[in-house]
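Peer 1: the following block contains a protein sequence and its predicted model.
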Amino acid sequence: MLKVWGRRNSINVMKVLWICDELNLPIEQIDAGLQYGIVNTPEYAAMNPNRRVPTIDDHGTILFESNVICRYLAVKHQRHDLMPGDLEDRFSVERWMDWASISISQGMTPLFWQLVRTPEEKRSAETIANAIVESERCMRIINDQVEKTGFMHGDYFTLADVPSAAFVHRWFKLPIAHASLPALEDYYQRMLKRPAYVKHVALELS
């Protein structure tokens with residue numbers, strides 16, 4: 001059985017659990033990271049020297065980095081709807097996956113940590129203000145893309161949507177002023193019609 005190490009409130013673990021569910025894969029999920037520990041043990045470090053989550057063991061194939069795991073699972077199970085076989089389409093999907101994980105996280109990660117995981121008296125107003133600006137910039141990019149194509153890659157759901165849609169949920173749930181972005185709001189509502197997204201991603205922030 002596929003083993004997945006990581007706590008369910010990690011956005012990167014959410015992505016992997018979401019795709020496992022989309023693929024109907026039976027898994028063993030093992031809580032790890034933050035309060036659960038495990039990641040600093042020698043055994044875990046042997047699998048993932050970065051000592052972060054998620055990590056998977058798929059019958060001896062050990063991988064870390066959430067986007068890589070999602071790609072691996074989609075390709076292994078020949079889900080060309082999630083990861084197209086056509087070269088141009090595939091790398092269109094990959095660019096949006098990496099853009100989301102690199103660019104959106106620049107604003108959303110500090111914003112989330114400041115507003116959700118940092119006591120109010122220890123928060124930095126400057127960090128929050130800067131993170132709001134950067135996060136909204138990225139949300140506007142998603143809004144413009146899905147307004148043109150429906151989803152991040154094209155007119156159907158692919159792995160390109162997974163990192164972006166995970167951040168979109170967090171953005172809408174954070175206690176900040178939200179710009180009016182109709183296409184983004186419609187995109188979020190369509191994601192909420194996917195049972196696996198609701199189960200693994202659209203959770204209370206913690």
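Peer 2: Right, received. Where do you want to start? If you're wondering where the values come from, they're calculated on a predicted model, not measured in any experiment. Numbers count the residues shown, from 1 in each chain.
Peer 1: low-confidence ranges, the chain, go.
Peer 2: Low-confidence segments of the chain (pLDDT under 70): none present.
Peer 1: let me see the ranges of the helices in it.
Peer 2: 11-22, 42-47, 66-76, 87-99, 105-116, 125-149, 161-173, 182-191, 195-200 (DSSP state H).
Peer 1: now distance to P54 and mean neighbour count too, for those helices, in TSV please.
Peer 2: For the C-beta atoms, the positions are set from N, CA and C on the backbone; glycine is no exception. Below are the helices of the chain laid out as TSV (distance: least, C-beta to C-beta, whole Å; neighbours: other C-beta atoms under 10 Å):
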stretch	distance to P54	mean neighbour count
helix 11-22	5	23
helix 42-47	11	12
helix 66-76	6	20
helix 87-99	15	16
helix 105-116	15	18
helix 125-149	23	16
helix 161-173	13	23
helix 182-191	20	17
helix 195-200	12	16
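Peer 1: out of those, flag the one nearest V53.
Peer 2: Checking the helices of the chain against V53 by C-beta to C-beta gives helix 11-22 as the closest, at 5.4 Å.
Peer 1: so how far is the closest one from its chain's centroid?
Peer 2: 8 Å (C-alpha atoms, centre = their mean, to the nearest Å).
Peer 1: which secondary structure elements does it contact?
Peer 2: strand 2-5, strand 27-30, helix 66-76, helix 161-173, helix 195-200 (3 or more C-beta pairs under 8 Å, 6 or more residues apart in numbering; DSSP states H and E).
Peer 1: ok, the residue nearest to the spatial centre of the chain - contacts?
Peer 2: The centroid of the chain falls nearest to P163 when counting by C-alpha atoms, centre = their mean (3.7 Å). Counting by C-beta atoms under 8 Å, 6 or more residues apart in numbering, P163 makes contact with 15, 66-67, 96-97, 100-101, 104.
Peer 1: how about 7 Å then?
Peer 2: 15, 67, 97, 100-101 (C-beta atoms under 7 Å, 6 or more residues apart in numbering).
Peer 1: find the nearest non-adjacent residue to S105, please.
Peer 2: Distance criterion C-beta to C-beta, 6 or more residues apart in numbering; nearest residue to S105, sequence neighbours excluded, is F167 at 7.7 Å.
Peer 1: oh, that last question was meant for P175, not what I typed.
Peer 2: L115 (6.2 Å).
Peer 1: coming back round to it: out of the helices of the chain, which is closest to D155?
Peer 2: helix 125-149 (6.0 Å).
Peer 1: not counting sequence-adjacent ones, nearest residue to D186?
Peer 2: That would be V146: by C-beta to C-beta, 6+ apart, it lies 7.6 Å from D186.
Peer 1: please name the residues that touch the one you found.
Peer 2: Counted by C-beta under 7 Å, 6+ apart, V146 has contacts 152, 183-184, 187.
Peer 1: among the helices and strands packed on helix 11-22, which is nearest E43?
Peer 2: Of all those, strand 2-5 comes closest under C-beta to C-beta, at 10.5 Å.
Peer 1: buried residues, that closest one. List them.
Peer 2: Using 16 or more other C-beta atoms under 10 Å as the burial criterion, the residues of strand 2-5 that qualify are 2, 4-5.
Peer 1: please consider this matter closed, and thank you.
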